[in-house]
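> build me a model from this:
(2 chains)
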Number of protein chains: 2
Amino acid sequence: MIRSEETICAPTTAIGGALAVVRISGPQSLNICEKLFRPLDKSIKLADQKGFTVHFGEIHSECDVIDEVILTIFRAPHSYTGENSVEISCHASPYIIRKILELLINGGAVSAKPGEFTQRAFFNGKMDLSQAEAVADIIASKTSSSHKIAINQMRGGFSAEISSLRHELLNFASLIELELDFGEEDVEFADRKELKAIITRVKELADKLASSFKLGNVLKNGIPVAIVGKPNSGKSTLLNALLMEERALVSEIPGTTRDTIEDTIVIDGIEYRFIDTAGLRETSDIIETMGIKKTHEKIDQASVILLIDEITDSAEFINKRVLSIREMIGESEKRLIILINKTDTASEDRQKDLERNINLEDKETLLFISAKEKSGLDNLRFRLSDIVVKEKLSSDDVIITNIRHYEALIHVSESLERVMSGLIDQIPDDLIAIDIRQAIHYLGEITGEITSDEILGNIFRNFCIGK
Amino acid sequence: MIRSEETICAPTTAIGGALAVVRISGPQSLNICEKLFRPLDKSIKLADQKGFTVHFGEIHSECDVIDEVILTIFRAPHSYTGENSVEISCHASPYIIRKILELLINGGAVSAKPGEFTQRAFFNGKMDLSQAEAVADIIASKTSSSHKIAINQMRGGFSAEISSLRHELLNFASLIELELDFGEEDVEFADRKELKAIITRVKELADKLASSFKLGNVLKNGIPVAIVGKPNSGKSTLLNALLMEERALVSEIPGTTRDTIEDTIVIDGIEYRFIDTAGLRETSDIIETMGIKKTHEKIDQASVILLIDEITDSAEFINKRVLSIREMIGESEKRLIILINKTDTASEDRQKDLERNINLEDKETLLFISAKEKSGLDNLRFRLSDIVVKEKLSSDDVIITNIRHYEALIHVSESLERVMSGLIDQIPDDLIAIDIRQAIHYLGEITGEITSDEILGNIFRNFCIGK
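Numbering: from 1, shown residues only, chains lettered A, B, ... in the order given. This is a model prediction of the structure:
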């Protein structure tokens, strides 16, 4: 897995745009670049240049000039990877990028694998594993909330605390194991009271982090919303109204592609994903009422259900529909918002009548809107953003978003649970030591102090090339 | 049009990838960045830093850290635009890019218009207009031939020569106009012999450059190829065979999207574009024979026509078809390649028989292939690349690819034609002076020594944002 004697290269920006950056990292970075780079100041030798210096010049292939470029030198350990590195900023022509990579590879570099730059940063101690994982999350972040969680994690986040608690546990494990060596002498190196205290602290942290995963996952991946309604109730009009404003806003920012926000909206920095809206939007309102099974599937995937009825529907009819959705929701924590659409076509009395006669439970909200006239949409947005109870997301809170971390934390908590009851029941120390070791192992997996090729493979495989 | 007192900003890399670069240029670049950048070494003030220096630090928005970035400073005149500039290399998250732009704009920068960085480089004398235009061509270049032409042009190419000849012409124009001032005194400041010599030189250059446009255009935009054949003759199999190898090759290069080479192949650095192949590839061989009108349209757009027949077709049948294609080609310089497909299903004698009995004219080639077994494809590639007579593209040749330059050169040539015949016919000097001035005007339009908001608007509108 590790091949740090090799010098790797890859484009690190996307195809397109005006400029592209090709990154080179490894022991031969400067020597390889020397062969293809002709500095404007011909007296300069790259190998003699300091880190954090910038050089203007040409990339050439024999007689041909490939491009005029800006080349930046980073020297170990002050680079992203911790190795000698070079970044070449060139024109973003597919031909030029290909040619520069070709020249680098001919010069002795090899193509970087996905995530290999970050993997080297991890191996060279520039970051621990959970920080490395956060790099990919940062790149993928589209909203302020997903960004905030990722950047906190990249900048240390919870891993420093986990690492220090793990070392305290390690000390206790060693002391207990030492006691075992003394066999019958009945010594007690590890203070049981202190041990209980530290175990309590670790377990509390593990439980707190594990319980943040649900919120973290929602903030990272967006909140799934299902729109349910009969034909012509205005589902697609509502969706378009919500999306359209969003798009106008986003398309003002240069370079933003509209495709990336297809059928998602961002409210207060949190993303809401509309489930399975392709059909809705393509065929407008004319699709048939979805069957019970299809509706059930949609509701299963959603955290929020928007049930759309019309102002002309009777309270009895709406109550019946709410009841059937409620049955599908069951005991889960899904929220239901009942939208009464087309308020523009009826009187206020009608609205008051429905308000009186529609029966709501907790976690259910009744809103009146006119999707066509875009009225009531702010109430809907407010209600949606209110659902992600915002108190939960104070800026100091550490939130985990990674299922690998979540699973490790659950294992930590279970092991420590056994340690605690073992201490109370006074079970033999060798059994207690095994459970402490297990907790230590899983804590180490989070930070990467304990790792395996399989774990690393799984993590870095999902990175893009060039990172 | 010019707003150089403003500081502009834009992302200069595409959305996607691992890293993104945001570029800032203008008088306030350093001051604006100072507000949002917190260097690792807190004692550093950006405004005090030299050009070509690199700084690691954080972009922050009040208390929030937006990203850890590398910031590079360029100082006037040693920057792309010739102004003070900063490049911020950040993680390529849509949120981070948006946030950095927002902070820059709040700090006093404005969004850069398409091509505005390059436009500033032009106004600040970093490059002439034809060089600026070449920047866009470089970014768009996908093949070695289109890249070579663009980079030659960006690095000065023909514009230095045009500019110097223009100045010689200017001298003569002034001398002739001086003679006119002396009215009846019959002085002759401008040596008519020298004038004829310089006009001949300029006209020869203009004609040579103008005549290179056709080749240049083809090299820049690719050579259009039409595939014509009856259903089941193997059109789509051939296309897939040609494209597939190409794709396998291209997809080895990280970050290359396959979409960009949809239905084009590159042979010897030159691109061949297959016209209207969507139908072919979607429906495989089962589409109906195209009508005469459709075939005519395809042939009209193409430089090369591939007519596909089968080895089991009779020579008589094929000759008839060749004849009808030949009629559609008419007097134009289009090339016809007759491909006899499915050689795997017949004997060699059959092939020899067809070779003897199919009648070819100049510019027509008969090739035998088996698209299914991929045999004969190298011959086809060789023949295609042979068509762009390669002797024309020696490395010293200057080739123009820009229709704006082409049109200006035609005007130059026409004006000088009139000057020459005027000199021979001894028409009045004031009329000759007008034509010289016109030639000077059009030469100036190429290099940008003469320009207008309209010309500049047309040119830079087609640039991407961030360049």
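
> what bridges to residue A:14?
residue B:14 (DSSP bridges).

> that one against residue B:19, yeah?
No. With contact defined as CB atoms under 8 Å, residue A:14 does not reach residue B:19; the gap is 9.2 Å. C-beta coordinates here come from the backbone N, C-alpha and C atoms, glycine included.

> of these two, who's got more company?
The neighbour comparison of residue A:14 against residue B:19 (other CB atoms under 10 Å in any protein chain shown) goes to residue B:19, with 24 against 21.

> hmm, back to that, what's the overlap in contacts for residue A:14 and residue B:19?
Common contact partners of residue A:14 and residue B:19 (CB atoms under 8 Å, 6 or more residues apart in numbering or on different chains): B:13, B:92.

> what is the burial count for residue A:209?
24.

> equivalent analysis for residue A:407, please.
Neighbours around residue A:407, by other CB under 10 Å: 15.

> what's the answer for residue A:32, then?
For residue A:32, using other CB under 10 Å, the count is 23.

> next up, the contacts around it.
A:7, A:24, A:104, A:107-109.

> show me which of those are buried.
A:7, A:24, A:104, A:107, A:109 (16 or more other CB atoms under 10 Å in any protein chain shown).

> please narrow these to those residing in strands.
Counted as lying in strands by DSSP state E, out of these, are residue A:24.

> which ones among the buried ones among the contacts of residue A:32 also lie next to chain B?
Among those, proximity to chain B is found for none (CB under 8 Å from any CB of the partner chain).

> kindly reformat the buried ones among the contacts of residue A:32 as CSV containing distance to residue A:458 and pLDDT.
Below are the buried ones among the contacts of residue A:32 laid out as CSV (distance: CB to CB, whole Å; pLDDT from 0 to 100):
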residue, distance to residue A:458, pLDDT
A:7, 25, 97
A:24, 26, 98
A:104, 28, 97
A:107, 32, 96
A:109, 26, 96
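
> pairing partners for the host helix or strand of residue A:338, with directions?
Assigned by DSSP states H and E, residue A:338 falls within strand A:335-341. Strand A:335-341 pairs in its sheet with strand A:304-310 (parallel), strand A:364-368 (parallel), by DSSP bridges.

> want to throw those into JSON lines with mean pLDDT?
Formatted as JSON lines, the strands paired with strand A:335-341 follow (pLDDT from 0 to 100):
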{"stretch": "strand A:304-310", "mean pLDDT": "91"}
{"stretch": "strand A:364-368", "mean pLDDT": "93"}
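
> point out the most buried one among these.
strand A:304-310 (a mean of 22; mean count of other CB atoms under 10 Å in any protein chain shown).

> C-terminal to that strand, what's the next element?
Counting by DSSP H and E, the next helix or strand C-terminal to strand A:304-310 is helix A:315-329.

> need the residues that contact that following helix.
A:228, A:295-296, A:299-300, A:305, A:307, A:309, A:336, A:338, A:340, A:353-354, A:356-361, A:364.

> just the buried members of those residues?
Listed as buried from these are A:228, A:295, A:299, A:305, A:307, A:309, A:336, A:338, A:340, A:354, A:358, A:364; burial here means 16+ other CB under 10 Å.

> give the contact list for residue A:427.
Residue A:427 neighbours (CB under 8 Å, 6+ apart): none.

> pretty sure residue A:8 contacts residue A:111?
Yes. Using CB under 8 Å, residue A:8 makes contact with residue A:111 at a distance of 7.1 Å.

> comparing the two, which residue is more hemmed in?
residue A:8 (24 against 15).

> secondary structure class for residue A:225?
Put simply, residue A:225 is strand when judged by DSSP: H, G, I helix; E, B strand; the rest coil.

> let me know whether it touches residue A:301 as I believe.
No. Residue A:225 is beyond contact range of residue A:301, at 9.7 Å (criterion: CB under 8 Å).

> for the two, work out which one has more neighbours and name it.
residue A:225 (25 against 13).

> contacts only, for the more buried one.
A:272-275, A:302-306, A:384.

> let's go with 10 Å and repeat that
A:242, A:263-265, A:272-275, A:277, A:298, A:301-306, A:335, A:337, A:384, A:387 (CB atoms under 10 Å, 6 or more residues apart in numbering or on different chains).

> picking that back up, now, among the buried ones among the contacts of helix A:315-329, which is nearest to residue B:97?
Nearest to residue B:97 among the buried ones among the contacts of helix A:315-329 is residue A:305, at 33.7 Å by CB to CB.

> buried stuff in the lengthiest helix in chain A?
In chain A, taking DSSP state H as the definition, the longest helix is helix A:192-221. By 16+ other CB under 10 Å, the buried positions in helix A:192-221 come out as A:195, A:198-199, A:202-203, A:205-207, A:209-210, A:212-213, A:215-220.

> common neighbours of residue A:8 and residue A:111, please.
Taking CB under 10 Å, 6+ apart as the criterion, residue A:8 and residue A:111 both touch residue A:104.

> how about the strands in chain A?
A:8-11, A:13-17, A:19-25, A:37-39, A:53-61, A:64-74, A:85-91, A:110-111, A:223-229, A:264-267, A:270-274, A:304-310, A:335-341, A:364-368.

> those: which one's closest to residue B:397?
That would be strand A:64-74 among these, by CB to CB, at 14.3 Å.

> closest point of the stretch 351-467 of chain A to chain B, which residue?
residue A:467 (3.4 Å; CB to the nearest CB).

> by mean pLDDT, flag the weakest helix or strand of chain A.
helix A:278-283 (a mean of 42; mean pLDDT, DSSP states H and E).

> you'd agree residue A:115 is up against residue A:462?
Yes. In this structure, residue A:115 is within contact of residue A:462 by CB atoms under 10 Å, at 7.4 Å.

> please say which of these two ends up with more neighbours.
Set residue A:115 next to residue A:462 and count neighbours by other CB under 10 Å: residue A:115 wins out with 26 against 11.

> check contacts around residue A:380.
Counting by CB under 10 Å, 6+ apart, residue A:380 has contacts A:238, A:241-242, A:267, A:306, A:337, A:339, A:365, A:367, A:369, A:371.

> pull the most distant pair out of those.
A:241 and A:365, at 18.5 Å, using CB to CB across these.

> that older thread, would TSV of the strands of chain A with distance to residue B:142 be doable?
Shown next, in TSV, are these (distance: least, CB to CB, whole Å):
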stretch	distance to residue B:142
strand A:8-11	15
strand A:13-17	11
strand A:19-25	14
strand A:37-39	23
strand A:53-61	17
strand A:64-74	14
strand A:85-91	12
strand A:110-111	20
strand A:223-229	40
strand A:264-267	33
strand A:270-274	35
strand A:304-310	46
strand A:335-341	50
strand A:364-368	52
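
> of all the ones you listed, which one comes closest to residue B:95?
strand A:264-267 (9.4 Å).

> partner strands of that closest one, parallel or antiparallel?
Partners of strand A:264-267 in the sheet, by DSSP bridges, are strand A:270-274 (antiparallel).

> check the offset of the partner strand from the chain's centre.
Chain-centre distance of strand A:270-274: 14 Å, with CA atoms, centre = their mean, to the nearest Å.
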